[in-house]
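Chemist: make a model of this:
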Amino acid sequence: MSKPTKAEGPPPIYSMIKHDDAVSAKKKILMAEINILNSIAYLQRYGDLRKKEMMLKIKLKNDLTDVKNHISRIIENNPKTEGIKKVIHIKHFHVHHESQRHNELGDHLKAIQDRLNALE
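Modeler: Coordinates of the predicted model:
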């Protein structure tokens, strides 16, 4: 059997790095790792919250449907009176709220952009 040969090519190039620079680079790498792990944890919590939100929305929709049906039954079971027109208006409404997350994200992105501009 023959030994596997190393890939031929130029020899590796080595450079001298100061100890302080090496420590600083290591700290930056570790901080980046911490930030990545925090981001992963944040995304997992976000996924859990979205599931809970969806379940609550479905429950709310079902509850509103039940209330609408109960109101209709109450109106149907009330005694009918002569000379009064039957007027039933059930308005559909949607709850709109402005997401503050979008605004906060924009603020964070602007702050990061400002810091990057300050470094230049």
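Chemist: quick one: the host helix or strand of Asn62 to chain centroid distance?
Modeler: Element membership for Asn62, per DSSP states H and E: helix 19-77. Put simply, helix 19-77 sits 6 Å off its chain's centre (CA atoms, centre = their mean, to the nearest Å).
Chemist: mind pulling up the pLDDT for Arg73?
Modeler: pLDDT recorded at Arg73 is 90.
Chemist: burial check on it, number of neighbours?
Modeler: Neighbour count of Arg73, defined by other CB atoms under 10 Å: 10. Any C-beta I mention is one placed from the backbone N, CA and C, and that applies to glycine too.
Chemist: same check, this time on Leu37
Modeler: Using other CB under 10 Å, Leu37 is surrounded by 10 other residues.
Chemist: tell me the spacing between it and Arg50.
Modeler: The spacing between Leu37 and Arg50, counted by CB to CB, to the nearest Å, is 21 Å.
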